[in-house]
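A.B. asks: structure here, sequence nowhere to be found:
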């Protein structure tokens with residue numbers, strides 16, 4: 001089985017660690033993690049399946065720090081300027097400029113072209129701050145799961 005791409009969109013807040021913790025909790029509560037849902041269809045919408053957490057896996061997974069199929073679900077995702085396993089890093093400004101013609105893209109532009117995922121290694125994650133009228137409004141987290 002190979003790595004699979006994922007992406008999540010959440011409302012922007014400057015505290016990235018708090019946003020990631022809330023996203024992780026949201027997805028655990030929804031039950032969108034392996035083995036409850038081995039394959040998740042993206043993008044996640046209000047209509048996406050949400051079978052709910054399955055004990056004891058849910059409790060054990062949270063206690064041990066998580067072992068989901070992607071870094072967002074792992075309980076130890078950190079933040080870094082450089083890409084690495086288990087961390088989320090910003091998509092570099094030069095990549096944003098090349099792909100979207102701006103370093104402050106709208107969410108619709110980013111969701112319309114996720115080609116930057118082709119350069120993301122398995123187990124790595126990036127984020128993009130998305131803007132509306134010059135104001136940050138959403139964060140898009142994307143990456144590849146671990147094999």
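C.D. replies: Now that the structure is in, tell me what you want to look at. Because the structure is predicted, anything quoted here is derived from the model rather than measured. Numbering: from 1, shown residues only.

A.B. asks: all strands for the protein, in order.
C.D. replies: Counting by DSSP state E, one finds strands in the chain at the ranges 5-11, 78-79, 87-90, 125-132, 135-144.

A.B. asks: distance check, residue 120 against residue 11.
C.D. replies: As judged by Cβ to Cβ, to the nearest Å, residue 120 and residue 11 stand 23 Å apart. To be clear about C-beta, it is placed using only N, CA and C from the backbone, and glycine gets the same treatment.

A.B. asks: tell me which of these two has more neighbours.
C.D. replies: Set side by side, residue 120 and residue 11 show more neighbours around residue 120, with 19 against 10, by other Cβ atoms under 10 Å.

A.B. asks: you'd agree that one is up against residue 142?
C.D. replies: Yes: with contact defined as Cβ atoms under 8 Å, residue 120 reaches residue 142; the gap is 7.0 Å.

A.B. asks: can you map out the helices along this structure?
C.D. replies: With DSSP state H, the ranges of helices along the chain come out as 16-30, 57-63, 93-100, 107-112.

A.B. asks: how confident is the prediction for residue 83, by pLDDT?
C.D. replies: With respect to pLDDT, residue 83 has a value of 61.

A.B. asks: do residue 99 as well
C.D. replies: Value for residue 99, per-residue pLDDT: 96.

A.B. asks: now do residue 58
C.D. replies: For residue 58, the predicted pLDDT is 48.

A.B. asks: equivalent analysis for residue 62, please.
C.D. replies: Per-residue pLDDT puts residue 62 at 48.

A.B. asks: equivalent analysis for residue 75, please.
C.D. replies: Confidence score, pLDDT, at residue 75: 41.

A.B. asks: re the thing from before, any idea which of the helices of the chain gets closest to residue 87?
C.D. replies: With Cβ to Cβ, the closest approach to residue 87 among these belongs to helix 16-30: 10.6 Å.

A.B. asks: ok and that closest one relative to strand 135-144, angle-wise?
C.D. replies: 60 degrees (axes from the mean of the first three to the mean of the last three Cα atoms, to 10 degrees).

A.B. asks: what residues of helix 16-30 count as buried?
C.D. replies: The neighbour-count check on helix 16-30 (16 or more other Cβ atoms under 10 Å) flags 16, 19-20, 23-24, 27-28, 30 as buried.

A.B. asks: which elements pack onto that helix?
C.D. replies: Applying 3 or more Cβ pairs under 8 Å, 6 or more residues apart in numbering; DSSP states H and E, we find helix 16-30 packed against strand 5-11, helix 57-63, strand 78-79, strand 135-144.
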